[in-house]
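Peer 1: please find the sequence and the predicted model below.
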Amino acid sequence: MEAVFLFLQEIRAFTEGELGMIIIMQKGAEQHQIDEVVKRVKSLGFGVHLSQGVERTIIGCIGGDREALCSLNLEAMEGVEKVTPISKPYKLVSREFHPQDTVIRIGEHTVGGGDLWVVGGPCSVEGRELLLEAAHMVKELGVHALRAGAFKPRTSPYSFQGMGVEGLKILAEAREETGLPVVNEVMDTRDVPVVAEYADVLQIGTRNMQNFSLLKEVGRCGKPVLLKRGMSATIEEWLMAAEYIMSEGNHQVILCERGIRTFETATRNTLDLSAVVVAKSLTHLPVVVDPSHGVGKRAFVVAMARAAVAAGADGILVEVHPRPDEAKSDSAQTIGPVAMSRMMAEITAIAGVLGRRVPQAAHVHV
Ligand code: PEP
Ligand code: MN
């Protein structure tokens with residue numbers, strides 16, 4: 001019964017929506033055999049993505065001509081072991097398509113390659129002096145990238161909306177001074193070019209996870225994208241949102257779990273750490289965790305950062321401010337330098353137990 005169900009699912013993947021399949025080459029298949037298969041599927045209009053593992057090559061194929069494919073006996077080609085449809089609705093994002101972890105370089109560091117990637121900074125750019133002070137502080141604390149929103153998605157139109165392009169310029173100055181790459185949220189398709197000009201990573205916030213025009217636009221921006229999970233989105237919807245970005249040609253997508261809405265009111269959101277393990281099993285993309293929005297309360301942030309690392313997250317994105325009580329937005333969940341320094345020491349220790357590293361700049365002592 002289960003076999004029949006799986007078979008039906010596979011047929012559905014072939015008949016509904018975009019056609020996706022993987023061609024698994026035999027161990028030791030020769031390069032000319034791989035080239036021949038790639039040529040053949042490309043001639044059918046498929047987009048091809050090669051995954052060259054140590055043992056074997058996997059050719060991921062997407063799009064293409066269904067009828068022509070049926071008449072073609074790919075499995076009979078030299079060097080081919082197996083051809084299977086991708087059973088998931090997302091293709092480029094799936095681990096079937098790309099079995100190895102995707103590693104994304106951001107400045108001097110990488111995310112997804114085993115090392116932990118830590119992003120820290122205030123919720124928003126509040127002003128030049130404060131941001132520069134915060135940037136130097138997080139650099140000393142050992143983070144790998146600076147965060148601070150210039151365009152803020154506030155629940156109330158009367159709350160501080162962010163400094164806009166002026167904020168981006170201040171962030172660029174902070175990068176110049178500290179060498180830290182900048183992660184910045186973009187909320188509007190019209191702002192993608194300017195945010196891409198100043199930021200190193202474009203963030204899509206929880207409220208925009210299914211803003212499909214925005215997803216397509218950042219899919220064409222040429223910079224890595226940090227995609228937060230929608231506060232009411234299933235893991236599959238989140239992965240489909242990543243598929244939108246990747247389908248436009250941008251394969252540098254970092255997923256970020258930031259808490260979801262549940263019946264619980266003791267915390268701002270419910271930080272779904274099971275999403276880390278589930279997402280990492282379904283996709284090759286890096287998965288990071290934002291414990292700040294996840295719990296919304298300063299006192300719980302460090303513990304949840306520890307738990308995220310223990311669960312296998314590829315990184316942590318945290319709100320930290322030199323004087324958190326004075327933060328113009330999200331003060332209640334923003335930690336200060338003392339807690340941040342403790343967090344760095346503790347996640348470094350936990351990462352070590354798991355055989356992972358938190359890369360440290362030479363001047364940082366945790
Ligand atoms: C943020 O990181 O500043 C932010 C607004 O996060 P989220 O979209 O997860 O609420
Ligand atoms: Mn915030």
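Peer 2: Everything's here; your move. Ligands and ions are numbered 1, 2, ... in the order given.
Peer 1: residues contacting residue 130?
Peer 2: By C-beta atoms under 8 Å, 6 or more residues apart in numbering, the contact list for residue 130 reads 122, 322. For the C-beta atoms, the positions are set from N, CA and C on the backbone; glycine is no exception.
Peer 1: let's go with 6 Å and repeat that
Peer 2: Taking C-beta atoms under 6 Å, 6 or more residues apart in numbering as the contact definition, residue 130 lies against nothing.
Peer 1: who in the stretch 1-150 of the chain is up against ligand 1?
Peer 2: Counting by C-beta under 6 Å from any ligand atom, the residues of the stretch 1-150 of the chain lying close to ligand 1 are 123, 149.
Peer 1: show me where the stretch 1-150 of the chain has its helices.
Peer 2: Under the criterion DSSP state H, counting those that start in this stretch, the stretch 1-150 of the chain carries helices at the ranges 2-15, 31-43, 66-71, 128-141.
Peer 1: state the mean pLDDT of the last one.
Peer 2: If you average the pLDDT over helix 128-141, you get 98.
Peer 1: next, the buried residues of that helix.
Peer 2: 130-135, 137-141 (16 or more other C-beta atoms under 10 Å).
Peer 1: strands of the chain, start to end?
Peer 2: Along the chain, the segments classed as strands by DSSP state E run 20-25, 46-52, 57-63, 80-85, 104-106, 109-111, 117-121, 145-147, 182-185, 201-204, 225-228, 253-257, 287-289, 315-319.
Peer 1: for the fourth one, what is the average pLDDT?
Peer 2: Meaning strand 80-85. Average pLDDT, strand 80-85: 91.
Peer 1: pull out the buried positions in that strand.
Peer 2: Of the residues in strand 80-85, 80, 83, 85 count as buried by neighbour count, 16+ other C-beta under 10 Å.
Peer 1: and which of those is nearest ligand 2?
Peer 2: Of all those, ligand 2 sits closest to residue 85, with 41.0 Å by C-beta to the ion.
Peer 1: so that closest one is in contact with residue 21, correct?
Peer 2: Yes - using C-beta atoms under 6 Å as the test, residue 85 is close enough to residue 21 to be in contact (4.9 Å).
Peer 1: from the buried residues of strand 80-85, which is closest to ligand 1?
Peer 2: Taking C-beta to the nearest ligand atom as the measure, residue 85 is the one of the buried residues of strand 80-85 closest to ligand 1, at 34.3 Å.
Peer 1: separation between that closest one and residue 38?
Peer 2: In this structure, residue 85 and residue 38 are 18 Å apart, going by C-beta to C-beta, to the nearest Å.
Peer 1: now the longest helix seen in the chain and strand 315-319, what's the angle there?
Peer 2: Assignment by DSSP state H gives helix 337-353 as the longest helix of the chain. Put simply, helix 337-353 runs at 170 degrees to strand 315-319, going by axes from the mean of the first three to the mean of the last three C-alpha atoms, to 10 degrees.
Peer 1: which helices and strands does helix 337-353 pack with?
Peer 2: Packed against helix 337-353 by the contact rule (3 or more C-beta pairs under 6 Å, 6 or more residues apart in numbering; DSSP states H and E) you find helix 128-141, helix 298-311.
Peer 1: mind checking how far the residue of the chain found nearest ligand 1 is from residue 352?
Peer 2: The shortest separation between the chain and ligand 1 is 2.9 Å, found at residue 205 (distances taken as C-beta to the nearest ligand atom). Per C-beta to C-beta, residue 205 is found 32 Å from residue 352.
Peer 1: more neighbours: the two, which one.
Peer 2: residue 205 (23 against 11; other C-beta atoms under 10 Å).
Peer 1: I figured the more buried one was touching residue 153, is that so?
Peer 2: Yes - using C-beta under 6 Å as the test, residue 205 is close enough to residue 153 to be in contact (5.1 Å).
Peer 1: worst-scoring helix or strand of the protein, pLDDT-wise?
Peer 2: helix 2-15 (a mean of 39; mean pLDDT, DSSP states H and E).
Peer 1: distance between stretch 63-81 and the chain's centre?
Peer 2: Per C-alpha atoms, centre = their mean, to the nearest Å, the displacement of stretch 63-81 from the mean C-alpha position of its chain is 33 Å.
Peer 1: and it, what's buried?
Peer 2: Of all the residues in stretch 63-81, those buried under the rule 16+ other C-beta under 10 Å are 64, 69, 72, 74, 77, 79-80.
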